[in-house]
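Novice: sequence first, then the predicted structure, then my questions.
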Amino acid sequence: MPDQENIQAGSLQQQPESVLQSSSGEISLSTETQTEQNTSRVNHVQRNNKSRDTVANNTGLSAAGFYSPIKRIDTPAILASLDHSQSRPGYSELRRHSSRSRGIHWAPLNIGLERRMQTFVVLCHTLTIAIFLTFFFFACAIPVFWPLLLPYLVYISLFSSSATSGTLSGRSDFMRSLPIWSLYASYFPACLHRSEALLPTRKYIFGYHPHGIISHGAFAAFATEALGFSRLFPGITNTLLTLDSNFRIPFYREYALAMGLASVSRESCENLLSKGGADGEGMGRAITIVIGGARESLDALPHSLRLVLKCRKGFIKLAIRTGADLVPVLAFGENDLYEQVRSDQHPVIHKFQMLIKHTMGFTIPLFHARGVFNYDVGLMPYRRPLNIVVGRPIQVVQQRDRDKIDESYIDDLHDKYIRELRRLWEQYKDVFAKDRISEIEIVA
C-alpha cells in the first residue's frame, strides 16, 4: 500500500485523496451506544479487516490519504464493502433494536448524544428557509422592528448586489468552519475524494452531479469545510451557486452569503470568475454549479443515476468565455437519501411539477425519507454514505467574444466532460454504488 508521502507527492493521478471528519476526529458506522450496534454489519466488517489492504489497493484508495485518525471501518473501501443487499429504504436503521407500532419503526430512546446532535443539525439545515422566514414574520408582528424591516426589505429587493457582484463580501470563513458542519457531514457520513491536485493559478467550474432532492453532498463539500476542501485543494476559493430567488428571502440571504453561496445567474458566474483572486482576474477562483437543476431532481431515485446533461451546454460556453477549466464531480449516494413519487408511474403529477418549474423556476418533488424519531416517515434524509468524487480537470482555451465561439469546440468540450463523468462512474461504481439497480444514464 502506498504511504502518505507518495500519495501527496507522486501518485496524485492514480490514487484519490479523501477526507472524512467528525467533531470527535473519528466516525464509526457501528453506533455510539451498545443498544444501537448492528451485529451483523460489524461482524461483516471484522471478516473483511484482514483483506483491507487488498481492497484499498484494488480501488485506488488508501487510509494514508486521510487527514484525521479514523477507525478502519470508516475507510471508503470498507464503507463500500458493507452488505447493501438488503437495500430497501432505511434498511440499516430498521435493523437496529427498535419497536414496531402501526407499521412505523421507532428509534430507541437511548441513542447517544452525538447522533442526536447530528440529527438536529441536519434537521435545522433541511428547514433553514422555514426557520428564517419564521423569524422574519415574528419580527413583522412586532411594531418596534418596522423602522428597521422596511428599509431592509427595500434594500434587498432593489439595491443589493452581494449575490451577483462576485466580491464575496459576505463570505465568512468562521461560519463555514463551525464544528456543527462536522456533525452534519458525520450524519451520512460524507467524504470528499480528489482525483488529482488543481493548480491555484487556474480558475475552475465544478459541475456537480446528480442534483438529488436537496443536494446535501454539494453543501457539505463546497459550502463548508467539514470535508476539508481547502486542504485537498489549497489556493482554490470555491463558491457554491444557487437560485437567485433565494437571495430575496429576508434573513436567509444573510445566512447564505455568510456560507459563501452566490447566485447562479450568468452575471454572477462571470463576475466570480473574472474578478478577485490572486491576479484580480479570477485566478484561483472556482464555482460549483449543480448542472441538472430542478429538472434532474425529479429523476432522483435510489440506486440509480439519471443525469440531465445532453442539452446542458450553457456552463460549457461560460467556461470558454471566462477561460475556466471544467471539473466534473460525481456524488455517489446523493440519490439514495430520499424516496419520491416516480414520474413515469404518475404522469399527471409529473406534468404538474413541470408546470411549476416552467412558471416558478423551481419544482416540488414529492419525497419522503425518515423522521427524527422513526425510520419510515419524515423529511429527514436516510443515513446513507455520501462519497463526492472530484474528477480530473478539462482544460479550456478562452474565447472572450461569445459571438465567435466555435460550436464544434463547444461540442468537443461537452463530449470530454461526459467521458470524464463516465470514467468516474466506471472506476468507482463497484466501490460506492454496489447496490445499484441500473447504470449511469445521460438524458436531455
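Specialist: Sure thing, it's come through. Residues are numbered from 1 along each chain as shown.

Novice: longest single strand anywhere in the protein?
Specialist: strand 325-332 (DSSP state E).

Novice: centre of the chain to the next helix or strand after it, how far?
Specialist: Going down the chain from strand 325-332, the next helix or strand is strand 339-340, by DSSP states H and E. Its chain's C-alpha centre and that of strand 339-340 lie 18 Å apart, by C-alpha atoms, centre = their mean, to the nearest Å.

Novice: please shift the residue numbers so they start at 700 in all later answers.
Specialist: All right, first residue 700 from here; so that's strand 1038-1039.

Novice: got the contact list for strand 1038-1039?
Specialist: 788, 912, 997, 999-1001, 1064-1068 (C-beta atoms under 8 Å, 6 or more residues apart in numbering). Backbone N, C-alpha and C define where each C-beta goes, glycine included.

Novice: pull up the pairing partners for that strand, direction included.
Specialist: Strands adjacent to strand 1038-1039 in the sheet, as given by DSSP bridges, are strand 1066-1067 (antiparallel).

Novice: packing partners for whichever helix or strand comes after the strand it pairs with?
Specialist: Once the chain leaves strand 1066-1067, the next helix or strand it forms, by DSSP H and E, is strand 1085-1089. For strand 1085-1089, the packing partners by 3 or more C-beta pairs under 8 Å, 6 or more residues apart in numbering; DSSP states H and E come out as helix 775-780, strand 889-893, helix 915-921, strand 1024-1031, helix 1106-1131.

Novice: before we move on, back to that, what is the mean pLDDT for the longest strand of the chain?
Specialist: Computed over strand 1024-1031, the mean pLDDT rounds to 98.

Novice: again with stretch 1117-1134
Specialist: Mean predicted lDDT for stretch 1117-1134 stands at 96.

Novice: does Ala889 touch Ser914 like I think?
Specialist: No - under the criterion of C-beta atoms under 8 Å, Ala889 makes no contact with Ser914, lying 11.9 Å away.

Novice: can you list the domains in this structure?
Specialist: Listed by automatic domain parsing, the domain ranges of the chain are 703-805, 812-1142.

Novice: tell me the most buried of those?
Specialist: Each of the domains of the chain was scored by mean neighbour count; the highest is domain 812-1142, a mean of 18, by mean count of other C-beta atoms under 10 Å.

Novice: now the helices: where do they sit in the stretch 750-899 of the chain?
Specialist: Applying DSSP state H, counting those that start in this stretch to the stretch 750-899 of the chain gives helices spanning 751-758, 775-780, 790-793, 812-825, 827-839, 845-853, 872-875, 879-886.

Novice: got the helices and strands packed on strand 1085-1089 as a markdown table, with distance to Ile803 columns?
Specialist: Below are those laid out as a markdown table (distance: least, C-beta to C-beta, whole Å):
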| stretch | distance to Ile803 |
| --- | --- |
| helix 775-780 | 28 |
| strand 889-893 | 27 |
| helix 915-921 | 24 |
| strand 1024-1031 | 29 |
| helix 1106-1131 | 30 |
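
Novice: out of these, nearest to Met874?
Specialist: Of all the helices and strands packed on strand 1085-1089, it is helix 915-921 that lies closest to Met874, at 12.8 Å by C-beta to C-beta.

Novice: done for today, thanks.
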